[in-house]
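Q: Got a predicted structure plus its sequence, pasted below:
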Amino acid sequence: MSIPQQGGGLIEGRAQLVEYVASGEKPRTDWRIGTEHEKFGYLRDSLEPLPYDGPRSIKAMLEGMADRFGWTPVLEQDNIIGLSRDGASVSLEPGGQFELSGAPLETIHQTCDEVHQHLAEVKAVADGIDTGFIGLGAAPIWSQEQMPMMPKGRYRLMTDYMGRVGTLGTQMMYRTCTVQVNLDYGSEADMVKKLRVALALQPVATALFANSPFLDGKPNGMKSWRSHIWQNLDDDRTGLLPFVFEDGFGYERWVDYILDVPMYFVYRDGKYIDALGQSFRDFLDGRLPALPGERPTLSDFADHMTTAFPEARVKKFIEMRGADGGPWSRLCALPALWVGLTYDDAALDAAWDLAKGWDHETREGLRRVAARDALQGEANGLKLHDLAREVVAIARAGLKARARPSWNGMTPDETGFIEALEESVETGRVPADELLEKYHGEWQGDLSRIYAEYSY
């Protein structure tokens, strides 16, 4: 979850917001890759989730990483809630999910090195306090009541609001993890094509990365429970955004969408002010009930943009949001998939050619069967296994065309990072299938074994 934005002058009008999004444009030479991933921490002896405070806790993890590895603490109301270092940050999701927001890097080789270094640092500190971390899309055993709440004002407000909308909002906040990648765009037309491809093909990513088949200690009937949650959450701020596929879509229409998303909060002087359900348009006019007569800054708008949760999201980059958290290889495969699809023109054209004829019903149908059946899903005559085969092949071609070698030149391109997905395409099996097979087979229904076998 995003750390509050700082700075930015008063917003003079809607055009300034359009310019803000447009300012994300970068020449191809400056396109970067920013990978984010979340993971669950737990106490090794009891297998319970890490509390925020205490000798074996999230706070101890953050302080230990700051002391040992040169991270700078991020505080809120005197509580350590994150870390920063060299363009990267560590932040906390509501239930203590530990998130690395990676620095913007040039290649997937660098991204994978960053992930490896981060997990090594996490393990070094965790081993010292007898805790572990695991990458899954949903907490497999813990109940909602067991989950701690991190000391962030944003989360107190969101918890209250999520209890009023959808059916699964608090589960999303406290019991799910994801892996995401942030990518750049070069122009408005480039943003539009990339966002359309991202939204249309997000169900393929959901299927390939499905890794949350358990909840409350037993199978939940889905291969990606995390994706199922997002389909039953808050229609005002989630989904596949059919307007993105309409003629004339661009920066202005995106800004209008963000302005119409109901607000959560305003951040002032280190505190979150309750603005639940209020209108950012009213804020622009100085009529926000939470702050009568006050008008927003650009940092307020940047904060508000982080409270829209569609399957792909534009800020000053495009964020791919459809994948479950998972094992180390999948943390590198997710950026490989989307970089391969979108950072080479021929691959981007091929990806759009694959999806441009689909209507919203088809896209939404694929999204729903991806959560339930992963690669075995089918909607409107389209089989996700067949689509995944085509999508992964396009991504491989895009990575090969990029021809970005490793630092030592031993590896000529980034195609090795997509091999985990090619194996899934070959076998039709994704991480959730493996977990379910173990649960019904060698584990004999003992889900506690997942921690020893699948932790980092």
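A: Cool, got the structure. Residues are numbered from 1 along each chain as shown.
Q: rest of the way, CA atoms for contacts and neighbours
A: OK.
Q: where does the protein dip in pLDDT?
A: 1-7, 166-167 (pLDDT under 70).
Q: ok, longest strand in this protein?
A: Counting residues, the longest strand found in the chain (DSSP state E) is strand 33-43.
Q: I'd like the next helix or strand past that strand.
A: Scanning forward in sequence from strand 33-43 by DSSP states H and E, the next helix or strand is helix 58-69.
Q: That next one: which residues count as buried?
A: Of all the residues in helix 58-69, those buried under the rule 16 or more other CA atoms under 10 Å are I58, K59, A60, M61, L62, E63, G64, M65, A66.
Q: closest to I450 among those?
A: I450 lies nearest to I58 out of the buried residues of helix 58-69, by CA to CA, at 21.1 Å.
Q: Which residue, other than its chain neighbours, is closest to W352?
A: Nearest residue to W352 in three dimensions, chain neighbours excluded: V197, at 5.7 Å (CA to CA, 6 or more residues apart in numbering).
Q: where's the residue of the chain most remote from its centre relative to F283, distance?
A: Centroid-distance maximum for the chain: G293 at 35.1 Å, with CA atoms, centre = their mean. The gap separating G293 from F283 is 9 Å, by CA to CA, to the nearest Å.
Q: Provide the secondary structure category for the closest residue to F69 other than its chain neighbours.
A: Leaving aside its sequence neighbours, F69 sits nearest to E121 (CA to CA, 6+ apart; 7.4 Å). Look at E121: counting by DSSP: H, G, I helix; E, B strand; the rest coil, its state is helix.
Q: how close does E121 sit to W328?
A: 14 Å.
Q: about what we covered before: the residue farthest from the centre of the chain: what's it in contact with?
A: G286, R287 (CA atoms under 8 Å, 6 or more residues apart in numbering).
Q: And it, how close does it get to A275?
A: With CA to CA as the criterion, G293 and A275 are 14 Å apart.
Q: With R68 instead?
A: R68 is 39 Å from A275, by CA to CA.
Q: So H37 is in contact with L100, correct?
A: Yes: using CA atoms under 8 Å, H37 is in contact with L100, at 5.6 Å.
Q: roughly how far is the helix or strand hosting I450 from the heart of the chain?
A: Element membership of I450, judged by DSSP H and E, is helix 449-454. Taking CA atoms, centre = their mean, to the nearest Å, one finds the center of helix 449-454 at 23 Å from the center of the full chain.
Q: same deal with stretch 283-299?
A: On CA atoms, centre = their mean, the centre of stretch 283-299 falls 29 Å from the chain's centre.
Q: Please apply the same query to stretch 355-373.
A: 19 Å.
Q: With stretch 243-251 instead?
A: For stretch 243-251 - counting by CA atoms, centre = their mean - the centre lies 23 Å from the chain centre.
Q: that older thread, looking at this, the residue farthest from the centre of the chain is in a helix?
A: No: remark: G293 does not belong to a helix; assigned using three-state DSSP, it is coil.
Q: Could you measure from it over to K271?
A: 19 Å.
Q: residue contacts, L83?
A: L83 neighbours (CA under 8 Å, 6+ apart): L62, A66, W71, T72, P73, V74, S89, V90, S91.
Q: Neighbouring strands of the host helix or strand of it in the sheet, and parallel or not?
A: If you go by DSSP H and E, L83 is part of strand 79-85. In the sheet, strand 79-85 lines up against strand 72-76 (antiparallel), strand 88-92 (antiparallel) (DSSP bridges).
Q: Out of the ones you listed, which is the most enclosed?
A: strand 88-92 (a mean of 22; mean count of other CA atoms under 10 Å).
Q: What lies in contact with it?
A: Contacts for strand 88-92 (CA under 8 Å, 6+ apart): 1-3, 81-84, 98-104, 150.
Q: Ok, stretch 377-384 next?
A: Here stretch 377-384 has contacts from V204, A207, T362, G365, L366, V369, A370, A374, L375, Q376, H385, using CA under 8 Å, 6+ apart.
Q: Please repeat the previous calculation with a cut-off of 10 Å.
A: With contact meaning CA atoms under 10 Å, 6 or more residues apart in numbering, stretch 377-384 is reached by 203-205, 207-208, 358, 361-371, 373-376, 385-387, 390, 425, 428.
Q: Can I get it in PDB? Just the C-alpha atoms.
A: C-alpha atoms of stretch 377-384 as PDB (Å, rounded to 0.1, in the frame of the first residue of the first chain):
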ATOM      1  CA  GLY A 377     -11.100 -21.900 -17.400                       C
ATOM      2  CA  GLU A 378     -13.200 -21.100 -20.500                       C
ATOM      3  CA  ALA A 379     -15.400 -18.200 -21.400                       C
ATOM      4  CA  ASN A 380     -17.300 -17.400 -24.600                       C
ATOM      5  CA  GLY A 381     -15.500 -20.100 -26.400                       C
ATOM      6  CA  LEU A 382     -12.000 -18.900 -25.400                       C
ATOM      7  CA  LYS A 383      -9.900 -21.300 -23.300                       C
ATOM      8  CA  LEU A 384      -7.400 -19.700 -20.900                       C
END
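Q: Return the set of buried residues in it.
A: Under 16+ other CA under 10 Å, the buried positions of stretch 377-384 are G377, E378, A379, K383, L384.
Q: swap in stretch 160-171?
A: Neighbour-count burial for stretch 160-171 [16+ other CA under 10 Å]: Y161, M162, G166, L168, G169, T170, Q171.
Q: ditto for stretch 202-221
A: Here stretch 202-221 shows 202-215, 219 as buried, counting by 16+ other CA under 10 Å.
Q: got it, and stretch 259-270?
A: Buried residues in stretch 259-270 (16+ other CA under 10 Å): L259, V261, P262, M263, Y264, F265, V266, Y267.
Q: Out of those residues, which sit inside helices?
A: Residues from these lying in helices, with DSSP state H as the criterion: L259.
Q: if you look at the buried residues of stretch 259-270, which of them are in strands?
A: F265, V266, Y267.
Q: could those residues be laid out in a markdown table, adding distance to E12?
A: Shown next, in a markdown table, are these (distance: CA to CA, whole Å):
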| residue | distance to E12 |
| --- | --- |
| F265 | 20 |
| V266 | 18 |
| Y267 | 19 |
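Q: Please report how far the nearest residue to Y343 once chain neighbours are set aside lies from I418.
A: Nearest non-adjacent residue to Y343, counting by CA to CA, 6+ apart: G398, 7.2 Å away. Going from G398 to I418 by CA to CA gives 11 Å.
Q: This completes my enquiry, with thanks.
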